[in-house]
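K.L.:
sequence? don't have it. structure:
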């Protein structure tokens, strides 16, 4: 298996894990209100990115890498400010999964960006 494929599968796996964690934590494990909350809808933008990430679409991976930073920020804020230990630990897990996704996407896109930059510099020299 190629190294870039490993990064793509890592990005897909971590994105699915973030989506599942968001759904499970907001409905059952640590909702803001008893019985679940509407905050579960926060995973909807990630669902739009999921199809492109599964297909290893470069453009989708680029904008998903920027989108995931919002979820990382939310995870850090909730990990530091939530009173309940379970909620705090789940938020910290979300932040770690976001970092894993971000790392995998950047590692997957790095050779592609380098090749595009090299091709552009060759065209400029002509």
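P.N.:
Received it, and whenever you're ready, just let me know what you need. Computed from a predicted model, the values in this text were never measured in an experiment. Numbering: from 1, shown residues only.
K.L.:
When you work out contacts or count neighbours from here on, use the C-alpha atoms and nothing else.
P.N.:
Fine.
K.L.:
Give me the contacts around stretch 38-47.
P.N.:
Taking contacts as CA atoms under 8 Å, 6 or more residues apart in numbering, the residues outside stretch 38-47 that touch it are 15, 19, 22-23, 26-27, 64.
K.L.:
so how far is that stretch from its chain's centroid?
P.N.:
13 Å (CA atoms, centre = their mean, to the nearest Å).
K.L.:
That one spans what distance, first to last residue?
P.N.:
16 Å (CA to CA, to the nearest Å).
K.L.:
Show me where the protein dips below the pLDDT cut-off.
P.N.:
126 (pLDDT under 70).
K.L.:
residue boundaries of the helices in it?
P.N.:
3-24, 44-54, 58-81, 85-125 (DSSP state H).
K.L.:
Quick one, which of the ones you listed gets closest to residue 33.
P.N.:
helix 85-125 (12.0 Å; CA to CA).
K.L.:
quick one, that closest one and helix 58-81 angle?
P.N.:
150 degrees (axes from the mean of the first three to the mean of the last three CA atoms, to 10 degrees).
K.L.:
what helices or strands is helix 85-125 leaning on?
P.N.:
helix 3-24, helix 58-81 (3 or more CA pairs under 8 Å, 6 or more residues apart in numbering; DSSP states H and E).
K.L.:
distance between it and the chain's centre?
P.N.:
Taking CA atoms, centre = their mean, one finds the center of helix 85-125 at 9 Å from the center of the full chain.
K.L.:
any idea how far residue 43 is from residue 120?
P.N.:
37 Å.
K.L.:
typo on my end, residue 98
P.N.:
The gap separating residue 98 from residue 120 is 31 Å, by CA to CA.
K.L.:
Looking at the two, which has the bigger crowd around it?
P.N.:
The neighbour comparison of residue 98 against residue 120 (other CA atoms under 10 Å) goes to residue 98, with 26 against 11.
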